[in-house]
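Engineer: no sequence on this one, just coordinates:
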């Protein structure tokens, strides 16, 4: 059983300045103190004398931190918990271009640049290799949330929209999501690479390969262990989430489809922020999980039965100060979210149990077909005697069984051929009797062949299912086991360092409190100096808090303005649609848009969170006979004469395209512009004479 009220672990990673930022002359405003878990952020618009903003997290990483160090320190404990049967979630959050995808995925080569997801793959299968007397079944799935639509990245048609469902046992899940059983690091990596090809990415001014969707790679690890009480199955679920980054259109230069994508991304991230705020508020009676698909999927990870790690990524450049502070504030809030993780023991929907039952059934059928007495099993609707099964069939037993079967088959075939020859030699039998005997023997031979094919099919199916199950301790070589043990030792060392860091922080805080209580002064001047120093320190803290309140107020006002603008925009759209309905839709049809309680037909769909009118597919134009089309692909029917004539006649009357939408060639001009006599030569002397006369009069 997990700890009651375990908080969400929050770490922050600051990426280095990019080459473009260095070229543009941007300065870093973030200072990282890894030993104390502190990040200082200076406002480049303020005076240098103003104190920076300070944020403290479970761990912080500077631009010099390695991918492996981040994994061993932060992600490895979550993966280890998933192997023990807990639900675990790791997600990266931050501004676009802050390095979220690099942190989660990294690069395949060299190995030092691999991110959290590839390292988690290696960690899982190394653990399986070290397990003793345990059976594992590992499956993987991969989907994305693109513009509030869930898409299966491993499907043959990744553009299909999937639905979110929820039940009491498994919580929120994606209906009809494809999952693959994997047996090695290379197989699960192949699954991820296949899904990445279908993921939605695009180029913006801040990132050449910007993620335009939230992606979720899910690994389900089922483990069966045995003890004196019998077999026990535990199921761990690991969600590896790469969120799309929050964007400002002025910085990304998003237009068209990119702008629509950014709008949906920002709305879902805003909903995530609202959920975090509601969870830590303590007064909120309602947590708005249903405001977006993202928060529905992360519902169990935020305040539920999951161990969660949030990796906040931020940029160090001064021109990203507002976005960096906003990211750090969200991360600071998330530290206070409490989850209640527990081990998932012997769940009803464990696939490992289904595999074991199916393997036992196949083995029973094979033993029954071997013809050894004892017990019964149902095979093709008949009861077949079998011997009592004590454990599985070894490879040697299977080989002996195959050799015995081949030998018996050869003996039966030889005996049958001998009988046929003897029967043919008997001249006193009629031709009809010989034909009947031939048919009988052929039928028996066909029956034996069918039984043989059925046996081979069962053996192949049994072998395929047994290969999907991994037995701990039997998979790896000695070198692989040593590598797995080394990795485990490194992770244990990282965990020990984390505990030492936490204890050092507590001791430092306690010592500071004790010094303040036990402080003694040799003279009055010493006391004045100490009090003055303490007063300055408190004054700086007061100024920091005052600036923080001002910044939060400004941020709140900006969010309020955005929400009011959204409300005004929605109100305008609503009024426009009401105007269209009142002027162009008959009143008896318009009443259908009301809900059922008010006499209409509209029904609220809780899962889709929208109003729908049922059975539209069997009403109105849906049932109207379709206009006859003489040939597929044509926009309107055409006669055989027109079809024949348009092949060589360019006259527009034989075309079915809209001539108004075509770019027509201008015909040859038959007119000319009018050019009259040159009047300026006559008018100019008269004007000059008038001007001369006026000058003379003056």
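Structural biologist: On my side now, so go ahead. Given the structure is predicted, the values throughout are model-derived calculations rather than measurements.

Engineer: The nearest residue to residue 98 once chain neighbours are set aside is in what secondary structure piece?
Structural biologist: Excluding its sequence neighbours, the residue lying closest to residue 98 (C-beta to C-beta, 6 or more residues apart in numbering) is residue 313, at 3.9 Å. Using the backbone N, CA and C atoms, a C-beta is placed for each residue, glycine as well. Here residue 313, judged by DSSP states H and E, is contained in strand 307-314.

Engineer: Can you name every helix or strand that that strand contacts?
Structural biologist: With contacts taken as 3 or more C-beta pairs under 8 Å, 6 or more residues apart in numbering; DSSP states H and E, strand 307-314 sits against strand 9-14, helix 76-83, strand 87-94, helix 100-104, helix 321-334.

Engineer: So for residue 113, what's the nearest residue that isn't a sequence neighbour?
Structural biologist: residue 107 (4.2 Å).

Engineer: Look up how far residue 67 lies from the one you found.
Structural biologist: Separation of residue 107 from residue 67 (C-beta to C-beta, to the nearest Å): 9 Å.

Engineer: what do you get for residue 258?
Structural biologist: Taken as C-beta to C-beta, the span from residue 258 to residue 67 is 29 Å.

Engineer: where's the residue nearest the centre of the chain, which helix or strand?
Structural biologist: The chain has residue 216 as the residue nearest its centroid, 1.7 Å off, counting by C-alpha atoms, centre = their mean. Assigned by DSSP H and E, residue 216 belongs to strand 214-227.

Engineer: Tell me the buried residues in the very next helix or strand once past that strand?
Structural biologist: With elements assigned by DSSP H and E, the helix or strand that comes after strand 214-227 is strand 230-242. Judged by neighbour count (16 or more other C-beta atoms under 10 Å), strand 230-242 contains these buried residues: 233-242.

Engineer: coming back round to it: now that we're looking at the residue nearest to residue 113, what pLDDT does it have?
Structural biologist: Note on residue 107: pLDDT of 88.

Engineer: Surely residue 648 is in a helix?
Structural biologist: No. Using DSSP: H, G, I helix; E, B strand; the rest coil, the secondary structure at residue 648 is coil, not a helix.

Engineer: any idea how far it is from residue 641?
Structural biologist: Residue 648 is 13 Å from residue 641, by C-beta to C-beta.

Engineer: Could you give the average pLDDT over the helix ranked longest in the chain?
Structural biologist: Criterion DSSP state H: the longest helix present in the chain is helix 524-584. The average pLDDT within helix 524-584 is 83.

Engineer: Now do that helix against helix 321-334, angle only.
Structural biologist: Between helix 524-584 and helix 321-334, the angle comes out at 100 degrees (axes from the mean of the first three to the mean of the last three C-alpha atoms, to 10 degrees).

Engineer: Mind checking what helix or strand follows helix 524-584 in sequence?
Structural biologist: Defined by DSSP H and E, the subsequent element after helix 524-584 is helix 587-590.

Engineer: Mind giving me the packing neighbours of the first helix or strand past that following helix going along the chain?
Structural biologist: Using DSSP H and E, the helix or strand that follows helix 587-590 in sequence is strand 603-605. Secondary-structure packing of strand 603-605 (3+ C-beta pairs under 8 Å, 6+ apart): strand 610-612.

Engineer: Run the chain-centre distance for the strand it packs on.
Structural biologist: 26 Å (C-alpha atoms, centre = their mean, to the nearest Å).

Engineer: So which bits of it are buried?
Structural biologist: Counting neighbours by 16+ other C-beta under 10 Å, strand 610-612 gives no buried residue.

Engineer: burial of the closest residue to residue 133 other than its chain neighbours, as a residue count?
Structural biologist: Counting by C-beta to C-beta, 6+ apart, residue 133 lies nearest to residue 226, which is 6.4 Å off, once chain neighbours are set aside. Neighbourhood size, residue 226 [other C-beta atoms under 10 Å]: 11.

Engineer: how near is residue 226 to residue 135?
Structural biologist: Residue 226 sits 9 Å away from residue 135, taking C-beta to C-beta as the criterion.

Engineer: Likewise for residue 647?
Structural biologist: The value you get for residue 647 to residue 135, if C-beta to C-beta is used, is 70 Å.

Engineer: Tell me which of these two has more neighbours.
Structural biologist: Under the criterion of other C-beta under 10 Å, the comparison of residue 647 against residue 135 puts residue 135 first, with 20 against 7.

Engineer: Please name the bridge partners of that one.
Structural biologist: Here residue 135 shows beta-bridge partners residue 224, residue 471, assigned using DSSP bridges.

Engineer: correct me, but it touches residue 221?
Structural biologist: No. Using C-beta atoms under 8 Å, residue 135 is not in contact with residue 221; the gap is 11.6 Å.

Engineer: tell me the mean pLDDT over the strand holding residue 313?
Structural biologist: Here the average pLDDT along strand 307-314 is 92.

Engineer: Could you do stretch 237-247 as well?
Structural biologist: Mean pLDDT, taken over the full extent of stretch 237-247, equals 85.

Engineer: Then stretch 188-205?
Structural biologist: 82.

Engineer: Give the buried residues for that stretch.
Structural biologist: 188-189, 191-192, 195, 198-200, 202, 204.

Engineer: any idea which of those residues is closest to residue 58?
Structural biologist: If you rank those by distance to residue 58 using C-beta to C-beta, residue 192 comes first, at 27.1 Å.

Engineer: Let me know the helix or strand that that closest one is in.
Structural biologist: Short version: residue 192 belongs to helix 185-196, going by DSSP H and E.

Engineer: Residues in contact with that helix: which ones?
Structural biologist: For helix 185-196, the surrounding residues in contact (C-beta atoms under 8 Å, 6 or more residues apart in numbering) are 105, 108, 117-118, 121-122, 125, 138, 140, 142, 153-154, 180, 182, 215, 217, 219.

Engineer: how big is the angle separating that helix from strand 230-242?
Structural biologist: Going by the same axes, to 10 degrees, helix 185-196 makes 40 degrees with strand 230-242.

Engineer: How far does helix 185-196 sit from its chain's centre?
Structural biologist: 14 Å.

Engineer: List only buried entries from the contacts of helix 185-196.
Structural biologist: Buried among the contacts of helix 185-196 by 16+ other C-beta under 10 Å: 105, 117-118, 121-122, 125, 138, 140, 142, 153-154, 182, 215, 217, 219.

Engineer: Tell me which of the residues you listed fall in helices.
Structural biologist: Short answer: those in helices (DSSP H) are 117-118, 121-122, 125.

Engineer: In TSV, list those along with distance to residue 176.
Structural biologist: Shown next, in TSV, are these (distance: C-beta to C-beta, whole Å):
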residue	distance to residue 176
117	24
118	27
121	25
122	30
125	28
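
Engineer: Kindly indicate which of the residues you listed lies nearest residue 688.
Structural biologist: Taking C-beta to C-beta as the measure, residue 688 lies nearest residue 117 of these, at 88.9 Å.

Engineer: you'd agree residue 668 is in a helix?
Structural biologist: No. Secondary structure assignment (three-state DSSP) places residue 668 in coil, not in a helix.

Engineer: Checking residue 489 next. Helix, strand or coil?
Structural biologist: Quick answer, by three-state DSSP: residue 489 is helix.

Engineer: Which residues are in contact with residue 234?
Structural biologist: 84-85, 222-223, 225, 343-346.

Engineer: ok, the residues you listed vs residue 601, which is closest?
Structural biologist: Once C-beta to C-beta is applied, the member of those that ends up nearest residue 601 is residue 344, at 42.7 Å.
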